[in-house]
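Peer 1: got a sequence here, can you build the structure:
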Amino acid sequence: MFPLKDDNPTLLTPYVTVLIIAVNVAVWLTLEHAGSGSGYLRALCEHGLIPGHVTGSILPGTQIRGGRFVCTVGGEAWWSVFTSMFMHGGWLHLIMNMWFLWVFGNNIEDAMGHVRFAVFYLVCGVLATAAHVASGPGSPVPTIGASGAISGVMGAYLVLYPRVRVSTLFIIFIIIRIIPLPAWLLLLEWFALQLFTGAAGVAGGVAVWAHVGGFIAGGLLIPLFRSGKLLEAKRRAGANIGSPLF
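Peer 2: Presented below is the predicted three-dimensional model:
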C-alpha cells in the first residue's frame with residue numbers, strides 16, 4: 001500500500017514541511033557528491049545515529065568496519081540524534097520518506113501552525129530515536145533517515161483526521177488499483193506491520209522500533225501541539241475532516 005494523496009485541503013501554506021523536504025534533499029545531494037566510498041562512510045560515522053555511541057558503550061575514536069572501508073566514530077553523540085534525521089542512504093529512501101511527509105505533513109502543519117509543527121517534528125524524531133536506541137543500546141550500526149519523525153506525523157494524522165479518505169495505491173502482481181481508504185485503516189495497518197516485523201525480527205535493517213516509537217509519540221503529543229483555532233477554521237472553510245480521536 002502506498003498513499004498518493006488525501007482528501008484534506010489545507011488553509012496554511014506548508015512552509016515548514018517544504019523546508020524540511022528541501023533540507024533533506026540538500027543533505028542527500030551533498031552526501032551523493034561525497035560518493036559511496038570513504039567520504040560517505042566518514043559522514044555516516046560522524047553524523048549518523050550510532051546507538052552504542054549514544055549510550056556510551058562505544059567511545060569516540062572506535063573504528064567501525066564497513067566492508068573494505070573503515071571509519072572512526074566521531075562527533076557529538078547528542079548532535080547525531082538530530083543530524084541523522086536529515087540523512088538518507090539513497091534516492092529511493094529519500095523519495096519514499098519525503099512523499100509520506102508531504103502527504104501527511106502539510107495537514108499536521110495546518111493544524112498546529114508553522115512553529116509548533118517544526119518543534120513537534122523534531123521532538124517526534126528524538127523520541128523515535130530513543131525507541132530505536134532502547135531496542136539495541138550497544139549496536140555499532142549507524143542509523144539514518146527521517147522516518148522516525150515522519151512516523152510521528154503519521155501518528156498525529158491518525159488522531160486528528162481518522163476519517164479522511166486517502167487515495168492509496170495497491171499493486172498485487174500485475175493488478176494495480178487506487179482505492180480511497182479511511183486514514184485510520186491505512187495508518188493502523190501500517191503500524192501493525194511495523195510491530196509485526198519488529199517483534200518477529202524480520203525488519204531487514206529497517207529501524208522499525210523508531211517507526212513504532214515515533215508513531216506513538218506523535219499520537220500522544222497532539223493535545224500539546226494542535227491549535228483548536230486552526231482546526232475550527234478548517235471546519236468553517238468546509239473541510240470534511242470529522243472529529244479527532246481525542
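Peer 1: average model confidence for stretch 78-94?
Peer 2: In this model, stretch 78-94 has an average pLDDT of 92.
Peer 1: what's it in contact with?
Peer 2: Outside stretch 78-94, the residues within contact range by C-beta atoms under 8 Å, 6 or more residues apart in numbering are 23-25, 27-28, 31, 43-44, 46-50, 53-54, 75, 97, 122, 125-126, 129, 142-146, 148-149. C-beta: built from backbone N, CA, C; applies to glycine.
Peer 1: out of those residues, which are inside helices?
Peer 2: Mapping these onto helices (DSSP state H) picks out 23-25, 27-28, 31, 43-44, 46-47, 53-54, 97, 122, 125-126, 129, 148-149.
Peer 1: pretty sure Ile144 sits against Glu46.
Peer 2: No. The pair Ile144 and Glu46 fails to qualify as a contact (C-beta atoms under 8 Å) at a distance of 11.6 Å.
Peer 1: who has more neighbours, these two?
Peer 2: For the pair Ile144 and Glu46, the greater number of neighbours falls to Ile144 (22 against 19), based on other C-beta atoms under 10 Å.
Peer 1: for that one, give its distance to Phe215.
Peer 2: Remark: distance between Ile144 and Phe215 (C-beta to C-beta, to the nearest Å) = 19 Å.
Peer 1: Trp91 too?
Peer 2: Taking C-beta to C-beta, one finds Trp91 at 25 Å from Phe215.
Peer 1: more neighbours, the two?
Peer 2: The residue with more neighbours, out of Trp91 and Phe215, is Phe215; 29 against 12, by other C-beta under 10 Å.
Peer 1: against which helices or strands is the helix or strand where the more buried one lies packed?
Peer 2: In the assignment (DSSP states H and E), Phe215 maps to helix 208-225. Under the contact criterion of 3 or more C-beta pairs under 8 Å, 6 or more residues apart in numbering; DSSP states H and E, helix 208-225 touches helix 114-135, helix 147-160, helix 183-200.
Peer 1: now those helices as CSV including mean pLDDT?
Peer 2: Below are these laid out as CSV (pLDDT from 0 to 100):
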stretch, mean pLDDT
helix 114-135, 97
helix 147-160, 97
helix 183-200, 93
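Peer 1: let me know which of these is tucked in deepest.
Peer 2: Among the helices and strands packed on helix 208-225, helix 147-160 has the highest mean neighbour count (mean count of other C-beta atoms under 10 Å), at a mean of 28.
Peer 1: number of nearby residues for the residue nearest to Val23 when sequence neighbours are not counted?
Peer 2: Residue nearest to Val23 in three dimensions, not counting chain neighbours: Phe86, with 5.6 Å by C-beta to C-beta, 6 or more residues apart in numbering. Residues near Phe86, counting by other C-beta under 10 Å, number 19.
Peer 1: how much space between Phe86 and Ala149?
Peer 2: Relative to Ala149, Phe86 is positioned 10 Å away (C-beta to C-beta).
Peer 1: and if you look at Ala192?
Peer 2: Separation of Ala192 from Ala149 (C-beta to C-beta) stands at 20 Å.
Peer 1: hang on, the earlier thing: any chance of the helices and strands packed on helix 208-225 in a markdown table, plus distance to Pro9?
Peer 2: As requested, the helices and strands packed on helix 208-225 are arranged in a markdown table below (distance: least, C-beta to C-beta, whole Å):
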| stretch | distance to Pro9 |
| --- | --- |
| helix 114-135 | 17 |
| helix 147-160 | 14 |
| helix 183-200 | 15 |
